[in-house]
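Asks: Test case, fold it:
(chains A and B)
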Protein chains: 2
Amino acid sequence: VPELTVADLGERALIERISRRAGVKSDWVAVGIGDDAAVIEPARSQLDVVTTDILVEDVHFRRRWSPPASIGHKALAVNLSDLAAMGASPRACLLSLALPERLPVADFDALVDGFLALARATACPLVGGNISRSPGPLIADVTAIGAAGRRRILLRSSARAGDELFVTGRVGGARAGLALLERGLDRARATAAELACLERYERPSPRLRVGRSVARQAAATAAIDLSDGLAEGVRQLAQASGLGAVVELGSVPIDQGVAAVAGEASTAGPAFALAGGEDYELLFAAAPRRRRALLACASRAGIELTRIGRLTRETDLLVSEDGVVAPLSKPAFGHFAADPSQGKTVSRS
Amino acid sequence: VPELTVADLGERALIERISRRAGVKSDWVAVGIGDDAAVIEPARSQLDVVTTDILVEDVHFRRRWSPPASIGHKALAVNLSDLAAMGASPRACLLSLALPERLPVADFDALVDGFLALARATACPLVGGNISRSPGPLIADVTAIGAAGRRRILLRSSARAGDELFVTGRVGGARAGLALLERGLDRARATAAELACLERYERPSPRLRVGRSVARQAAATAAIDLSDGLAEGVRQLAQASGLGAVVELGSVPIDQGVAAVAGEASTAGPAFALAGGEDYELLFAAAPRRRRALLACASRAGIELTRIGRLTRETDLLVSEDGVVAPLSKPAFGHFAADPSQGKTVSRS
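Replies: Residues are numbered from 1 along each chain as shown, chains lettered A, B, ... in the order given. Predicted structure coming up:
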């Protein structure tokens, strides 16, 4: 029996499959899937926070590397991470899919299930979207809509000289997971450390709780999510605020799996941690007098939070290691530039 | 000198080009392009209306057929048409682009300019988005956010038996424009009628003003936009409302260009008008006692409005011509099904 593909079912039947899986609406959703547009009640006296981010096959993921459920999970997670970095709570999401005709329906279902499981876990109902054919790559483009209190929104641009830099969780793990996939890892034989790195790469956890708590407590002056790596996050936050930064390399909390993947003698560990990207941790800038409040937010959210450096009036971007100061290496990665240090072909959303 | 491509510039420089073009922010935009997410003030005591629709190269357009500015215009227009069908006013939009590496920067600029010209004309500021590489087709995915008054939202599902059906403007022109492109029309030698059909296909005008006015006056019971053709719009509105419909074929306002393109003896005219799609006109259902109010809304908006049939308690979908009644032909088109009647390869968003 030949495998059932999305072309066998057609657009209407596929939308019906999504609606069935999406389940009940939330209180604030007046009109969900099925009309020309969705209708949402804005959160009382809050502002709307909106973001969109796309996953393109063979740019951000490979179907032969990652299970469809992970692709669905990640498509939503990278958007929720942007809401988290603004201190916003999720309110609703939209999903645009462009599908190769020969995509098996089983893969479609798994992708949607992975997406919807995270949507449910984060109280972010799927309220609409569209399905199209793609003559090339599978594409999942997501819009996430959130809400945040007026004067409680975390920008990139509002940090001040003297603020300390803090990072949630640990970094480098996602890049190590990607390295494993590039090496053709056999999942059945993977170690626990290797599987943990894969999990970081394929199923990032948006740091919604700590982001919201920090915003509500006004415990930070600025924030950004680490989609493009720690060094790039520091650069963007510092530059948006008109400042420079010094990162203390020895303080950077490197994911435990990185050593197992990169090898102990390798320089890949710090490189993964600084330039790796896709960890979707948050970077906060905070005045030293708010340090205790900030750490309390992280503690209540059950998230590690580590001080990794500070922002300076001088606009240089520096990294300090054992008293030696060097330029914070400018990551060459971009969607249209080769990455000479890592030769990646699949990365970053 | 080789032509400058988007790969030569990179993601950051391309975003910078968009920001420069996007110009000043609107009052209700608290945070625009450049942070992790955009922040918008919801319209006072209104509901958020959100929609997303994608244009995929070689599915919805061909680059060798249509100028980049039209592709940018249409990517936004098809979304604004969904807002119009809900009776919503635009508030902001997001643009996700996946770009082939060899796309000329001049084409990128033109696409963005076409998008932004419509955004300005409709007071729908671009507040964010993302740019990615595509290993295949050019993709423009847009999210539009609007606002509409509580209890003033036009659904598909709230029509009643006995309601009359009205269509704005004229239909079939966009399908005729597509037929011209399929035939390899030379624009330099095109007639005025042919150019008008191309314009309908490439640069649809979202019917925002009449949609909003009808919603505010509660002059209709239901509405839908005609992205998928008149017959499909009637079917979707009737079925969502649990009703049937009779369309009077002789009343359907066919675009003047259709006859010029389809030939007078041809049956293509009515086929284009019923099944053609992409006209992005609006279909309203209205109680007979509200007919005068509905026509007044259209008149104030400077839009033709034509009564084309009615909704029935019996759920059959019928077309009536010279007293002969037949099933409203079920359009076979879908993104994953061939269209036996027209053999289209490029259509519908």
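
Asks: which residues does the residue of chain A found nearest chain B contact?
Replies: When scored by CB to the nearest CB, chain A has A:G136 as its residue closest to chain B, at 2.3 Å. The way it works is simple: take the backbone N, C-alpha and C, and place the C-beta from them, glycine included. When contacts are counted by CB atoms under 8 Å, 6 or more residues apart in numbering or on different chains, A:G136 touches A:57, A:100, B:134-137.

Asks: and with 10 Å instead?
Replies: A:G136 makes contact with A:56-58, A:98, A:100, B:56-59, B:98, B:100, B:134-137, B:139 under the criterion CB atoms under 10 Å, 6 or more residues apart in numbering or on different chains.

Asks: from these, which would you call buried?
Replies: Neighbour-count burial (16 or more other CB atoms under 10 Å in any protein chain shown) applied to these gives A:56-58, A:98, A:100, B:56-59, B:98, B:100, B:134, B:136-137, B:139.

Asks: Mind checking which of these are in strands?
Replies: A:56, A:98, A:100, B:56, B:98, B:100, B:134, B:139 (DSSP state E).

Asks: bridging residues for A:L318?
Replies: Counting by DSSP bridges, A:L318 is bridged to A:V246, A:P327.

Asks: That one reaches A:R235, doesn't it?
Replies: No. Judged on CB atoms under 10 Å, A:L318 makes no contact with A:R235 at a distance of 11.0 Å.

Asks: rewinding a little: mind pulling up the pLDDT for the residue of chain A closest to chain B?
Replies: On the pLDDT scale, A:G136 is placed at 95.

Asks: How about A:A92?
Replies: 97.

Asks: Tabulate the ones in strands among the buried ones among the contacts of A:G136 (a markdown table), appending distance to B:L155.
Replies: Listed next are those as a markdown table, based on distance: CB to CB, whole Å:
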| residue | distance to B:L155 |
| --- | --- |
| A:V56 | 34 |
| A:A98 | 27 |
| A:P100 | 33 |
| B:V56 | 28 |
| B:A98 | 32 |
| B:P100 | 39 |
| B:S134 | 35 |
| B:I139 | 30 |
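
Asks: ok, which pair from those residues is furthest apart?
Replies: Pairwise distances across these peak at 16.8 Å for A:P100 and B:P100 (criterion: CB to CB).

Asks: who touches both of A:L318 and A:R235?
Replies: Shared contacts of A:L318 and A:R235, counting by CB under 10 Å, 6+ apart, come down to A:244-245, A:328.

Asks: in chain A, which spans are strands?
Replies: Counting by DSSP E, the strands of chain A are A:29-31, A:38-40, A:46-56, A:89-100, A:126-134, A:139-149, A:164-168, A:222-225, A:244-248, A:282-286, A:305-312, A:317-321, A:324-327.

Asks: Can you lay out those as CSV showing distance to A:C297?
Replies: Formatted as CSV, the strands of chain A follow (distance: least, CB to CB, whole Å):
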stretch, distance to A:C297
strand A:29-31, 29
strand A:38-40, 27
strand A:46-56, 19
strand A:89-100, 15
strand A:126-134, 29
strand A:139-149, 15
strand A:164-168, 10
strand A:222-225, 11
strand A:244-248, 22
strand A:282-286, 9
strand A:305-312, 8
strand A:317-321, 26
strand A:324-327, 30
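
Asks: Out of those strands, which gets nearest to B:S213?
Replies: Comparing the strands of chain A by CB to CB, strand A:38-40 comes nearest, at 18.6 Å.

Asks: I'd like the mean pLDDT over the closest one, please.
Replies: pLDDT averaged over strand A:38-40 gives 97.

Asks: Near chain B, which residues of the stretch 151-300 of chain A are found?
Replies: Within the stretch 151-300 of chain A, the residues that sit near chain B (CB under 10 Å from any CB of the partner chain) are A:153-157, A:211, A:222-225, A:227-228, A:236, A:240, A:282.

Asks: Can you pick out the most distant pair from those residues?
Replies: A:I153 and A:D228 (21.0 Å).
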